[in-house]
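>>> With the sequence up front, the predicted model follows.
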Amino acid sequence: MTMMHWSLRRQSSWVQLAGHQGTDGGEVLKLYSEVEANCLDCLMRDPLRPFVPQYHGLVTKGELCYIRLEDLLSGLRKPVIMDCKMGVRWTYQEEELVKARTNATLRSDMYQKMVKIDPSAPSAEEHEQGGVTKSRYLQWKDTTSSTATLGFRIEGIMTEDGSVQRDFRKIMTLAQVTEALLFFTRRQREILEAYHSRLLALSDALKNSLFFRTHEVIGSSLLFVHDHSSRANVWMIDFAKTTPVSDASRLRHNVPWAEGSREDGYLIGLTSLITSLSQLSEKNNDRFCPLLL
Ligand SMILES: Nc1ncnc2c1ncn2[C@@H]1O[C@H](COP(=O)(O)OP(=O)(O)OP(=O)(O)O)[C@@H](O)[C@H]1O
Ligand SMILES: O=P(O)(O)O[C@@H]1[C@H](O)[C@H](O)[C@@H](OP(=O)(O)O)[C@H](OP(=O)(O)O)[C@H]1O
């Protein structure tokens, strides 16, 4: 499979098909989720459609049902990929917090992951119990990365040799984001400018999107993809936790989250990315690869 899985745990949720002759390219199949299928249905009729992989409906294979999606890596040679998890509250929906309070199961796997990253993160009580609740773990992840402050975090980067770097979770400042973007693009101005333009176009489309106005977007990513031919594109992916909001008139997407507000902070993240890319796209910026100037 050429697609990248940041989470090996979920690899089994995906199937990749070869492109058929006479079609535009390959398709990938993602394990069916009603929430995600509903979102993709709406998105195919929304101004955001050009920013989302084309959705071709459902297919059943054996006992499992899958969502058919355009393969965003189709036709690219040695693609370089960056997955940015968007929003100030990337991982948890409000109802998950409520559930977690009533059913505070201790997770030893999450405790282990926490200790591996920072042995001093769990409290004395959590150390004693050898476990943390899921909501505690997810909130800790959000607040110890740029998620809570910059409204997004870089989950991982796959370079053209296929190796995956996941050392970006501790990034907290815009200056560190800029360094990561320079690493990701290998300082190629054309690619940085292409990403910048694409994000500005996305920002416009979001303003006109009924889908965006009416949905709490949680756990969604922007997938940045380019290859050696300097083709560069950004896509919105993963809508498995994106849900409609009944009183949508109050959703702003650009304010911090307070419990009950259902705000996701998606636009805070987009603005951070645009700010960083616009600084790099400035004409006189001297941080590009000299050969490519
Ligand atoms: N349409 C697509 N074409 C090619 N690759 C894709 C496509 N959609 C997703 N991917 C790849 O698969 C990865 C995981 O996608 P996604 O987030 O939708 O799945 P997930 O199973 O919910 O994973 P996660 O646990 O990372 O949230 C993305 O980072 C990307 O590399
Ligand atoms: O990326 P990490 O640090 O390994 O942590 C996982 C990640 O936050 C997933 O989003 C989450 O699944 P959901 O998105 O489905 O909540 C999963 O919970 P899980 O183990 O309960 O599935 C976590 O273990």
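Sure, I can see it. Numbering: from 1, shown residues only. Ligands and ions are numbered 1, 2, ... in the order given.
>>> rest of the way, CA atoms for contacts and neighbours
Fine.
>>> Point out the residues in the stretch 51-200 of the chain that sit beside ligand 1.
Residues of the stretch 51-200 of the chain that fall close to ligand 1, judged by CA under 6 Å from any ligand atom: 53, 69-73, 83.
>>> Give the residue farthest from the middle of this structure.
In the chain, the residue that sits farthest from the middle, by CA atoms, centre = their mean, is E128; the gap is 34.0 Å.
>>> can I assume that residue sits in a helix?
Yes. Membership of E128 in a helix is supported by DSSP: H, G, I helix; E, B strand; the rest coil.
>>> quick one: it from ligand 1, how far?
Separation of E128 from ligand 1 (CA to the nearest ligand atom, to the nearest Å): 29 Å.
>>> Strands of the protein, start to end?
When secondary structure is read from DSSP state E, the chain shows strands at 14-17, 27-31, 55-61, 64-70, 80-86, 152-158, 164-165, 215-216, 221-226, 232-237, 243-244.
>>> and A258, how many neighbours does it have?
The burial count assigned to A258 is 9, neighbours taken as other CA atoms under 10 Å.
>>> Quick check: it vs ligand 1, distance?
Separation of A258 from ligand 1 (CA to the nearest ligand atom): 23 Å.
>>> quick one: that residue from G265, how far?
Between A258 and G265 the distance, using CA to CA, to the nearest Å, works out to 11 Å.
>>> quick one, what contacts the nearest residue to N233 once chain neighbours are set aside?
Nearest non-adjacent residue to N233, counting by CA to CA, 6 or more residues apart in numbering: V225, 5.4 Å away. By CA atoms under 8 Å, 6 or more residues apart in numbering, V225 lies in contact with 73, 79-82, 232-234.
>>> State the distance spanning the first to the last residue of stretch 45-56.
Terminal residues of stretch 45-56 are spaced 13 Å apart (CA to CA).
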